[in-house]
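Q: next comes the sequence, and after it the predicted model I'd like to discuss.
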Amino acid sequence: MRVALFITCFNDTLFPQTGRAVVTLLERLGAQVDFPEAQTCCGQMHTNTGYQNRGRSLARRFERVFAGADAVVSPSASCVAYLRENGGGLDGRLAELTEFLVDRLGVEDVGATFPHRVVLHPTCHSVRLMGIGDRPRRLLERVRGIDLVELGNAAECCGFGGTFSVKNADTSMAMLSDKLCDVLDTGAEVCTAADNSCLLHIGGALRRQRAGVRVMHLAEILAAT
Amino acid sequence: MSKTGFPAAARQALGDTQMRRNVGKATSTIRARRAARVAEVPDWEALRDAGAAIKARAMATMPEQLERLEASVTRAGGKVHWARDAAECNAIVGGIAAGHGARQVIKVKSLATDEIGLNDALAAQGVEAIETDLAELINQLAHDTSSHILVPAIHRNRAEVKLLFEHTIARGQDLGWDITAIAEAARRHLREKFLSVPVAISGANFGIAETGTICVVESEGNGRMCLTLPRVLITVMGIEKVLVEWRDLEVCLQLLPRSSTGERMNPYTSLWTGVRAGDGPEEFHLVLLDNGRTDVLGDELGRQALHCIRCSACLNSCPVYSRTGGHAYESVYPGPIGAILTPQLRGLENAPTLPYASSLCGACYEVCPVKIDIPSVLLHLRGRVVREYKSRVSPEALAMETVGRVFGSQRRYEQAQKLARLGHGPIVAAALPGWSAMRGLPEVPEQSFREWWRSRPARPVRGDGAGP
């Protein structure tokens, strides 16, 4: 199966290891990965900040870049949800990574080994906008050696919200403080999610506090052997 | 609204640790109760659809429904008044009170009358408005304002209320710490007012065009007292509260209590139609209030804010509200619904920061009993703020324009990635301000994903055997 990767501007620039993990994982599962190099940003930041004309034109640009692909996969639930709502869903050919693995490839056991204590932050856009349900959890549960622990108040927002975290920095940090307490309460070594945007936020504070908890995108755990 | 708007008001609110504890505890309690009550209804999603349809239908035919309501109320012996704005409404209510020589009026909790500042307007003409809802009474005695639609004094705890009552209505008496004894002080104070004040003012949860029936739901019985004991009853109703027919109540009265207080049914559901000799008020006035609602109705996407039945489930579920409390929204309508209603009622230029007072997590939409898509309306209003009020040369607009141009071309995008690595450039500039107080930024890696991709050796792939 041939699949085009939409890495997202955010991951491309700040989290290349997530992209490398997605490629490793998909190739291990027998897919042939393409990377259309003209891709940039989906436009979510512009639209969510109120610059909707620019946001929509970037969504259309995404559509043009990926027009020829049979299947497109992206390791960001937030960007995929945005594209689907703004005319960039490629008529159902665009899938978020865990959807692609579970629904298209029909795999839950991806053959990964990760002997660490892990907590999953479900992310608002995964759960509420995308409706990916428990796919991330099902994939993690099949990872060998993993000690998957429950996150308290899991469905609560971490306070990132894109430019919200800057425009309303104080409120955002109040939300983040509570999320950190819940993460630290689990005693996990790794906090994971299906989106690096939440992890940038949570991880930024964990690092600042020298909490000793790492953040890793779900794909990096699934790629680990 | 203050010049600096929500971010600054929220900052101040967040500094009040007692308030944060009070609101955090109360919202999580109500949230859990609501979840339990909603879970027992097997057709909850269908009920939500029905609620949305009922409100959409009423809004789509509003002029006709309001005229039907006027005719039905008049037929039943009531008098209907039309108020374009706050000043007109206050003058109408003040005129009726003056006509009866009232020095005092008793009030049932009403957001519409808070919205138009009725109490102050009455005070200016020498009429004292006495709030009879326990939480409203607390706020009135403390010279404070409401911070929640359903629980106006949610920001106060028991100790604060005990001390307040001791200094005011209990006249120095020690009330102890027992909640019943503290509440009893309010009960004694209010009972005397119910029995002696001749004019009452209420809001309305629903007004049925078909029958002319007005509905008020409440939990304490103070509403029932106000609606039945005084000689004159004045109801101020926002025009969006109109329902087409009686049977619409079947859906609305299931959705509202479970979503608001987390109860199967409201303790008190009062319904009255005009006046009836020897039973209840002798005179009934219904004041229909516009105050910006018609303008909201003109916005195709934004108008769904008028569907709100004031349950406050969105407040209790909101991660922003449950930390800042209601005062940060600087409006009688706080929380997510306030963030879309206030800017539309007052004009976006008067509340341009409210549509941004959300992380777009979607929790509000998930719980709304009439399925108001609050996140979509927030985005719509953000777009209007940018298009209609923001300067094109504001730092944000310029940054967005620059970043937009960068994303518009692969070449510019890749150049910007290289700049970001040096700690400069538009991507970093857009991300930095306000971020770093609590959160570190990651180092920009030496190699972007695409650079790694290009550097990969060509490798055989299952299938056609060709490298990438």
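A: Received the coordinates, thanks. Since the model is a prediction, treat every value here as computed from it, not as a measurement.

Q: for the residue most central in space within chain A, phi and psi?
A: For chain A, residue A:195 is the residue whose C-alpha lies nearest the centre (Cα atoms, centre = their mean; 2.1 Å). The phi/psi pair for residue A:195 (degrees, to the nearest 10) reads phi -150, psi 130.

Q: excluding sequence neighbours, find me the nearest residue to it.
A: Closest residue to residue A:195 apart from its sequence neighbours, by Cβ to Cβ, 6 or more residues apart in numbering or on different chains: residue A:123 at 4.8 Å. For the C-beta atoms, the positions are set from N, CA and C on the backbone; glycine is no exception.

Q: OK, contacts around that neighbour?
A: Contacts for residue A:123 (Cβ atoms under 8 Å, 6 or more residues apart in numbering or on different chains) come out as A:77-78, A:158, A:193-195, A:198.

Q: which non-adjacent residue is nearest residue A:113?
A: Counting by Cβ to Cβ, 6+ apart, the residue nearest residue A:113 is residue A:144, at 4.3 Å.

Q: which residues are in contact with the one you found?
A: For residue A:144, the contacting residues are A:112-115, by Cβ under 8 Å, 6+ apart.

Q: any idea how far residue B:5 is from whichever residue of chain B sits closest to chain A?
A: Residue nearest to chain A within chain B (Cβ to the nearest Cβ): residue B:359, separated by 2.8 Å. With distances taken as Cβ to Cβ, to the nearest Å, residue B:359 is found 17 Å from residue B:5.

Q: contacts only, for the closest residue to the residue of chain B closest to chain A other than its chain neighbours.
A: Of all residues not flanking residue B:359 in the chain, residue A:161 sits nearest, at 2.8 Å (Cβ to Cβ, 6+ apart). Applying Cβ under 8 Å, 6+ apart, we find residue A:161 in contact with A:48, A:172, B:358-361.

Q: name the nearest of these relative to residue B:270.
A: residue B:358 (34.5 Å; Cβ to Cβ).

Q: could you pull up phi and psi at the closest one?
A: Torsion angles, degrees, to the nearest 10, at residue B:358: phi -160, psi 140.

Q: show me what contacts it?
A: By Cβ under 8 Å, 6+ apart, the contact list for residue B:358 reads A:161, A:164, B:318, B:320, B:336, B:339, B:364, B:374-375, B:378.

Q: closest one to residue B:61 out of these, please.
A: Closest to residue B:61, out of all of those and judged by Cβ to Cβ, is residue B:374, at 24.0 Å.

Q: residues in contact with that closest one?
A: Residues near residue B:374 by Cβ under 8 Å, 6+ apart: B:314, B:336-337, B:339-340, B:358, B:364-365, B:368.

Q: what of residue B:11?
A: By Cβ under 8 Å, 6+ apart, the neighbours of residue B:11 are residue A:170.

Q: run the last query once more with 10 Å
A: Going by Cβ atoms under 10 Å, 6 or more residues apart in numbering or on different chains, residue B:11 touches A:168-171, A:174, B:4, B:324, B:328.

Q: so it sits in a helix?
A: Yes. When DSSP: H, G, I helix; E, B strand; the rest coil is applied, residue B:11 is found to be in a helix.

Q: domain map for the chain?
A: Using chain A here. Per automatic domain parsing, the structural domains of chain A span A:2-104, A:117-223.

Q: I was after chain B.
A: Domain assignment for chain B, taken from automatic domain parsing, gives B:1-40+B:317-390, B:42-291, B:395-455.

Q: looking at those, which one is packed in the most?
A: Among the domains of chain B, domain B:1-40+B:317-390 has the highest mean neighbour count (mean count of other Cβ atoms under 10 Å in any protein chain shown), at a mean of 21.

Q: rounded mean pLDDT for that one, please.
A: For domain B:1-40+B:317-390, the mean per-residue pLDDT is 95.

Q: residue B:290 reaches residue B:238, doesn't it?
A: Yes. Using Cβ atoms under 10 Å, residue B:290 is in contact with residue B:238, at 8.2 Å.

Q: shouldn't residue B:215 be in contact with residue B:242?
A: No. At 11.3 Å, residue B:215 and residue B:242 do not qualify as touching, with contact defined as Cβ under 10 Å.

Q: mutual contacts of the two, please.
A: B:204, B:206-208.

Q: pull the longest helix from chain A.
A: helix A:169-185 (DSSP state H).

Q: chain center to it: distance?
A: 19 Å (Cα atoms, centre = their mean, to the nearest Å).

Q: which other helices and strands contact it?
A: For helix A:169-185, the contact count by 3 or more Cβ pairs under 10 Å, 6 or more residues apart in numbering or on different chains; DSSP states H and E identifies strand A:117-120, helix A:164-167, strand A:190-193, helix A:196-208, helix B:6-14, helix B:17-39, helix B:321-324 as packing neighbours.
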